[in-house]
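K.L.:
Okay, sequence plus prediction incoming.
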Amino acid sequence: MLDEPCQADLSERDPATGHPRPPRREFKARGSFTERCPGCQLPVLNCLCPYQASAESEARVWLITHPLEHFKPTNTGRLICDVLPATEVFTWYRTAPDPRLLALLDDPRFAPFVVFPDDQPDYADRVVGIEAVGEVKASGRIPVFILLDGTWRQARRIFRKSPYLDRLPVLPLATSRVTRYRLRKPASQAHLCTAEVAVELLRQSGDLEAALVLDDYFDAFNVSYDASRRYEKIEQPTSAMRRLMAYRTE
Ligand SMILES: [Zn+2]
């Protein structure tokens, strides 16, 4: 659930075909000299690959990603996939739900929660607290955080226009965290990007190690990408980067 993207973040690829789009003028002016690493898709100036780490978690994450969000290099949902390899990603098409997602929603091993604010009265009876995640674990099922990956407007649309989500419990994220995401202009400091939402859910539900690794990886991504946009080379690894390198060699 991200804020509206700024101009420079407009998708570089056709979400339907995955083919590169003719670049917009702004993108060309800012990005045409930026060579990207094939491993992490970040500008090679500050590549993220040395910090890529994976962690174990009891809870899982499934992303339902808006098609316009998929190929944005500033998307943070893919960071969750790097750290938690069991993460599932589904592209949202209003009239054509992914059959694999529908099958997983019916799989009794999983107990999925739709992560969404509890600010509307019409689904108040489905709203649960974070303690519900612990109850699911105690019953032997795998809790799943379903994150709606897109702008706030796109996430709201996915929530409202996906009948297969209507029977799931709604888990609002209660946190005082303010966003550290620098790559898009936030409408509010309380609007967290997708990776930050996952960090807080993992932390609050007891997956502390996964939360720490993902938070550090998000931090490394955020700082690296931001520096590259200013054509600055990071000479000294940040503390988050140093922790990730140590974690990888454990
Ligand atoms: Zn890389």
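P.N.:
That came through, no problem.
K.L.:
gap between the spatially most central residue of the chain and the ion?
P.N.:
Centroid-nearest residue in the chain: residue 77, 2.5 Å away (criterion: Cα atoms, centre = their mean). Going from residue 77 to the ion by Cβ to the ion, to the nearest Å gives 17 Å. From N, CA and C alone the C-beta is placed, and that goes for glycine too.
K.L.:
Pretty sure that residue sits against residue 88.
P.N.:
No: the criterion here is Cβ atoms under 8 Å, and residue 77 misses it with residue 88 at 11.0 Å.
K.L.:
who touches both of those two?
P.N.:
Residues touching both residue 77 and residue 88 by Cβ atoms under 8 Å, 6 or more residues apart in numbering: residue 63.
K.L.:
Quick one: name the residues of this protein near the ion.
P.N.:
Counting by Cβ under 5 Å from the ion, the residues of the chain close to the ion are 37, 39, 40, 47, 49.
K.L.:
sorry, back to before: can you tell me which residues contact the residue nearest to the centre of the chain?
P.N.:
So residue 77 contacts 63, 65, 69, 89, 147, 149, 194, 195 (Cβ under 8 Å, 6+ apart).
K.L.:
What are the buried residues along the lengthiest helix in the chain?
P.N.:
Longest helix in the chain by number of residues (criterion: DSSP state H): helix 208-229. Of all the residues in helix 208-229, those buried under the rule 16 or more other Cβ atoms under 10 Å are 210-225, 227-229.
K.L.:
next one: stretch 165-174
P.N.:
For stretch 165-174, a neighbour-count test (16+ other Cβ under 10 Å) marks 165, 168, 169, 170, 171, 172, 173 as buried.
K.L.:
got CSV for those residues, with secondary structure and pLDDT too?
P.N.:
Formatted as CSV, the buried residues of stretch 165-174 follow (DSSP: H, G, I helix; E, B strand; the rest coil; pLDDT from 0 to 100):
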residue, secondary structure, pLDDT
165, helix, 97
168, coil, 97
169, coil, 98
170, strand, 98
171, strand, 98
172, coil, 96
173, coil, 95
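K.L.:
and of those residues, the nearest to residue 190?
P.N.:
Of all those, residue 190 sits closest to residue 173, with 10.2 Å by Cβ to Cβ.
K.L.:
Backbone dihedrals for the closest one, both of them.
P.N.:
Dihedral pair for residue 173: phi -90, psi 120, per degrees, to the nearest 10.
K.L.:
Nice, that's everything, thank you.
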